[in-house]
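1. Build me a structure from this.
(chains A, B and C)
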Amino acid sequence: MSADLAPREPHSESAESGAPTLTTLVARAEELYRDYRLEAVRQWKARTGGLAVGYLPIYVPRELLAAQGVLPVGLMGGRDDLEIIKGDAYYQSYICHIPRSTIELGLNGSLDCLDGLLFPAICDVIRNLSGMWRMLFPGQLVRYLDVPQNFAPEIGGRFWRHELEALASDLAARGARPLEPEALRAAIAAYNVNRALVRALYALRREQPWKVPTSELYVVLRASLVLPVEESTAMLADYGRLVLAEEGRRPMDQARVLLSGSFCEQPPLGLIKTLERAGCYIVDDDFVQIHRYLRGDIPLAGDPLDNLVRAFLDDGIASPTRYIADGVKGEELRQRSRESAAEGVLFCAPSFCDPALLDQPMLVEAVERDAIPWTAFKYSENSGQFQVIREQAGTFADAIKLWSGA
Amino acid sequence: MRYTVGIDLGSTTTKAVVLGEDGHVLGRGITNSRSNYDAACQVALGEALINTRFALVAGELAAGGVAETERAALVGALERSFRAEQYRAQLAVLDRELRRCLRRSLMRPPALDAALDRILAAMAAEVTALYAAGARRKSDFFRDLAASRYLELAEGEARAQGLPFDQLASLFDKAILDVESSAEAAGRFADHARAALAASGTSETPLAAAVARVESVELEQAGSVGTGYGRARLPFAEGQIRSEILCHGLGAHAMFPSTRTVLDIGGQDTKAIQVDGDGIVTSFQMNDRCAAGCGRYLGYIADEMSLGLHELGPLACASSSPVRINSTCTVFAGAELRERLSLGERREDILAGLHRAIILRAMSLLARSGGVRNELTFTGGVARNPAAVAALGRLVLENYGELVLNISEDSIYTGALGAALFAHRDAVRGRAGSHAA
Amino acid sequence: MSRVEPTPEPAPRGAHAAAAPGEAQKDSSQRRQKEMIARHYDRLAAAPETGEKSVYTFVPGNLTELLRSFDLLPVLPEINALQSGMRGKSADYIALAEKQGHSEDVCTYVKSDIGMLESGNVGPTGQRLPLPDLLLLSYTGCFTFLKWFELLREKYRCPVAMLHVPYQAEGKITPAMRGYVVDQLRGEVIPALERISGRRYDEDRLREQLRRSAQAEDDLVWVLQSARNVPSPIDAFFGAVYYVGPIFSAFRGTEDAVAYYRELRAEVAERLRAGKGPVTPDGEVERERYRVVVEGPPNWTSFRQFWKMFADEGAVAVASTYTKVGGVYDLGFRHDPERPLETLADYCLGCYTNLGLPTRIELLVRYLDEYRADGFLINSVKSCNSFSAGQLHILREVEKRSGKPGGFVESDLVDPRYFSAANIKNRLESYFQMLEQKRLGATA
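-> Modelled structure (predicted):
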């Protein structure tokens, strides 16, 4: 599906309160992004009586959950405004931050509206957190999703299909609708539209980054994680339409940068804003990767569960959480840099993030081959001060501008 | 008379607690640890024994029927007079050491000798006032008291005479090491007590008689136990060394018998200890290899803000809207502080946030060790900081409900007290053992 | 992740390990192990001339029998890394890797290995290691393995065979998990081994190896369980890393391993009969004062110093989880020649770090009970999230369920910057004194 951000009729749901303006839409998105207690999820549950299941980064088959009438809820840890009182008691100082805030939110009751939690296999920390969660919250459905590292359909595909079937029956045992092919097909169609809109927004940002500030797009993507797919789609469509119509946003002399490494623990919003204020247009990134983990649409014809499995095997991005050798990841980064006309790469990884940090030297080598300037820094989701990063990013942006102006 | 002693060799200060044969505290002593652990032990013990003798004097007076208020006044006056004598003696040693250091200096402006004369004379002239009834002293340590006066006077001399202040200051820094680690400078009870009595003209009184009897008491060490960070370097046999954890647990139990959880935040580390009804440690946690959130961190913050360590807490208490500080990393503290100040945030709000951040780290350790159980006893240097105490009280209330929070005036002696109690037990057990044999 | 150390002493440069200090104390099993290792490294060093092929792989989920059935020589980068740690080389290797852009946050085994590779790939015996003909990426219990071999692949450009071993999150091996591993063995691993060795897969040959594995495993388990005796004749953490060496690395399924474990078992039986305690590099533990279970890998850069801190206090490790990273045999698993690929799958799936946290907790509680331990100690290493993430939760749960006190120290595998002897000694002393005091309190 191609980018389709053309003006359209206001979404029916927002009709009664009047169509959103850019300001009200972004305000609502930010509110959803900031709501640790997941009020939107609570309301949805009260309205529909359905199950809500949380998931951690970076990929889960949301289509399957939706097909069973389950609301998938993306959890991405905390921010700089979450005081960690209990979570730190579980982790040594040399472990990243996302599991601390996740436990904090679990223990302070914020996540008690969730009927289960899914932990995809992305690293040992999240893996072990799944076992801790099982012990801490015995009432919830806890599943470790062992996403395959074998991509042959008859081997890894078979295993993954089995994992998904087991998940579906676990959900059904908790009261979700049994998995039906037609419902799955419909859910796939709905998420195809949703992902296409995200791709379109990313394309629009590549073309006119001044129209789509990343700090704004980011909260819209985060808000989408707690909404049912139809509402998320409506919000993405509205946002696209509204930014296109926004005449006041003019191009500025900023450096175009690609940001890499922030696929799991997320930087605080202040860090993203800091980068933009320091003179960077973020023209590509790996934030909230669930929206873009699959590159294209999932086919609708044929067995939908097979299609879902094949999409993971064949159409996933070259994620740091997969074993992919032969410089494919570096090549993909170079390609993304070219496509987004990035003038520099910011390696922006959470402290102690093994997948991101172990990949980094290989990625650096790749961008250096193209003589793309780069710089690197680390953060944690609760970083409270950005002065050093501001200076670093500012210098980097200035250097790029000087270079390109020369 | 037999006594047992516990010595806590900490990273900043060394403490000694002396117990009588019945296991009650007779005397306490404290000194800066510096680099000479042996000397620090000797000085702290010497101090504790001097205090022990004051306790014995009070006991003698009580036995002689002197009423309690009069007794306190008499012993108080004697002790002030005694401290003045001791101070004079230490000043004399300082004088000698300063001259010795000066003789070794390569650069030696002739005016320096005269300047030292004037500084030391001024300091000597102030001693009586320093120890007058009702006078307030900034510290109990000779080092601190002498340093603040010396440096003030030296600055005046340097300005007036055109002398290098740095040289005067560095002379002091060298000389004080020897004064501080010199048991001779601290002196013996008998010498100073006699001088003190003579100075106050009370040689034929019940007090003088009591002092005379106490002077002749032979204090015999029946046992000692060492603890603290430097315990491995204590001049004690292996069997006489106990971990800080055990000593803090037992010491806190002795001070507050209903204690079940002990939090100690010292200069170098933080400990969370659980004890049972007998003061036996059942579990403990210490901060990880990163020392963030310990007393040192506050010292660093104080330096960054050009404040005294003791000023931080009261200032933080003045905050009405604390700032959220997420990092207690000492390395980043300076930068974060400067950034926040430059953003216009108020000093007291930042400080309140810092204190809360430190206590949050302690809360993690407490949770790791098994939580907070009633009663909680807070010890260590940071327990004297009102902002830290307030933050702890709030967080404990929020997370564990209403509990008793104990803080002792003598909390700095908790470890030494525990060690002394171990020494006492060992001595009792040893005697029982030798009787049986 | 983390593994095991085959030679007790820093091996001298050149070929065969000569007598190390304390040779008089060396049992003949130790000498045998040294000789086995020396022969293996000789063969590796000669591989470029002899044309023998080598396969780099990992300790957890290693497929040594399968490799040997193709006459392929295993090389274990984890063991090279820990040897670099013991030989005092890892600091330089890590510095080199960090200079090349590796973060100080990440696993030091990886960085030590990369540093060693960049410094000429000279192995633990001072001989050069052959370039790998295949990287067998057995992704078992450690995510970092994926990245490690991705990095090596960039350097060596040789084929990679991936074996994804699913995690036992639910505490059991399902038929689907086993089937997935077997499918990969058939569909990916065996064809790759056939290609590089030029031989056909020979199941009978594999069965032979597996039969010998089971024999050696029986004896190893007997040795590890000898620590149930009071006093224990072995140290089941520091001492046992030597015992598990052959079976965790290149020798499982060989005649050498069978002979080694038979001999070791006889020696331990003799110690047990004589009522002797464990042997340490600094002599025998004469009085067992504390029996502890240890969770987590050792620190290798200060291995002896760390051990001495235990031995000096009379503390003996009676069980450990680290000695189960290359296979948990004491719960009954044995390689089964009757189901060759299924048994390899079960082996991989059952390695310690592939077990879910609840299972790890159950195992520790069980050890505390079965080995009559006074308490347990966690050595939390910075490098290894697979072990470390969640250890504080393990600490609390095991204390709660067993009623026995846990101690906690922090260090690293091979980064000497993360071993603070004073800190660790302070904590260990405090911990042992607490055990002592509790015991006194209980009898008072």
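
2. Mind telling me which residue of chain B is nearest chain C?
-> B:Ser243 (3.7 Å; Cβ to the nearest Cβ). (C-beta placed from N, C-alpha, C; glycine too.)

3. swap that for chain A, sorry
-> Nearest residue of chain A to chain C: A:Gly131, at 2.9 Å (Cβ to the nearest Cβ).

4. neighbours of that residue, just the number please.
-> By other Cβ atoms under 10 Å in any protein chain shown, the residues close to A:Gly131 number 28.

5. Can you tell me the strand partners of the strand or helix carrying C:Val316 and which way each runs?
-> Taking DSSP states H and E as the criterion, C:Val316 maps to strand C:315-320. With DSSP bridges as the test, strand C:315-320 is paired with strand C:290-295 (parallel).

6. now the strand it pairs with: mean pLDDT?
-> Strand C:290-295 shows a mean pLDDT of 98 in the predicted model.

7. With stretch B:89-107 instead?
-> For stretch B:89-107, mean pLDDT rounds to 89.

8. Stretch C:224-243 too?
-> Across stretch C:224-243, the average pLDDT comes to 97.

9. Just confirm C:Leu355 contacts C:Ile173, I think it does.
-> No. The pair C:Leu355 / C:Ile173 is not scored as a contact, 10.5 Å apart, by Cβ atoms under 8 Å.

10. that older thread, mind checking pLDDT for the residue of chain B closest to chain C?
-> Looking at B:Ser243, its pLDDT is 91.

11. next one: phi and psi at the residue nearest to it when sequence neighbours are not counted?
-> Of all residues not flanking B:Ser243 in the chain, C:Ser430 sits nearest, at 3.7 Å (Cβ to Cβ, 6 or more residues apart in numbering or on different chains). Dihedral pair for C:Ser430: phi -60, psi -40, per degrees, to the nearest 10.

12. The residue of chain B closest to chain C and A:Met76: what is the separation?
-> Separation of B:Ser243 from A:Met76 (Cβ to Cβ, to the nearest Å): 43 Å.

13. Tell me which of those two has more neighbours.
-> Shown here are B:Ser243 and A:Met76; by other Cβ under 10 Å, B:Ser243 has more neighbours (27 against 22).

14. What residues does the more buried one make contact with?
-> Neighbour list for B:Ser243: B:Thr227, B:Arg231, C:Asn426, C:Glu429, C:Ser430, C:Gln433, C:Met434 [criterion: Cβ atoms under 8 Å, 6 or more residues apart in numbering or on different chains].

15. now swap in A:Gly344 and tell me
-> Going by Cβ under 8 Å, 6+ apart, A:Gly344 touches A:Ala255, A:Arg256, A:Val257, A:Leu258, A:Ile372, A:Pro373, A:Trp374, A:Thr375, A:Phe396, A:Ala397, A:Ile400.

16. Let's see if you can find the most crowded of the residues you listed.
-> Result: A:Val257 is most packed of the contacts of A:Gly344 (other Cβ under 10 Å), 33 neighbours.

17. Am I right that that one sits in a strand?
-> Yes. A:Val257 forms part of a strand when assessed by DSSP: H, G, I helix; E, B strand; the rest coil.

18. Show me what it is bridged to.
-> Per DSSP bridges, the residues bridged to A:Val257 are A:Ile282, A:Gly344.
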